[in-house]
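Engineer: what follows is a predicted structure for the sequence shown.
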Amino acid sequence: MANEKNIPGHEGTLAYWDGTAYKPVVCLTSSSVQKTMNMLEKVSMCTQGQTVRKPQSLDRTVSIEGECIDTTVVGGGTAQASYDELDTLQEAHLETGVPTDWRLSRGPLGYRYFTGFISDLSDSFQAGEDATFTASLTSQGKFSETDPHAAP
């Protein structure tokens, strides 16, 4: 495997659809995907008392960490999103019950598109340190490699 190439971590970017274009969430320090299979377990006389497991559902979560930044120098809320905009978006999720379309870049592996809610969001402001945030996005279905907003 002489042609192997590592994928740089900084290529794991995230953006959300704002109604007209994908808006990047800036200054991420990490992004990760977790898929958890929920299993249905049963034990009966038919299984001779043995536990039988089978897949029931799959939870898909995207976790991000980043630096809180002031985006006004790069065009404010119209150009890039940081913690404050994610906070507003999460409040809108609660009020409307409508999820957001997201685009997660995996570098040369391409994009993963999904619809989901910001289920967790927190910030950390410590004296002598740059402010940071973390968030979890809960997908409402499978990831797709096809952009739902691409022109036909």
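Structural biologist: Now that the structure is in, tell me what you want to look at.

Engineer: the strands in the protein, which residues?
Structural biologist: With strands called from DSSP state E, the chain shows them at 14-17, 22-24, 28-42, 52-67, 100-105, 111-124, 132-139.

Engineer: tell me how far the longest one lies from the chain's centre.
Structural biologist: In other words, strand 52-67. For strand 52-67, the separation from the chain centroid amounts to 11 Å (computed by C-alpha atoms, centre = their mean, to the nearest Å).

Engineer: neighbouring strands - and their directions - for it?
Structural biologist: The strands that strand 52-67 pairs with in its sheet are strand 28-42 (antiparallel), strand 132-139 (antiparallel) (by DSSP bridges).

Engineer: same check, this time on the fifth one
Structural biologist: Strand 100-105 has these partner strands in its sheet, going by DSSP bridges: strand 14-17 (antiparallel), strand 111-124 (antiparallel).

Engineer: over to the second one?
Structural biologist: Sheet pairing here is set by DSSP bridges, and for strand 22-24 it gives strand 14-17 (antiparallel).
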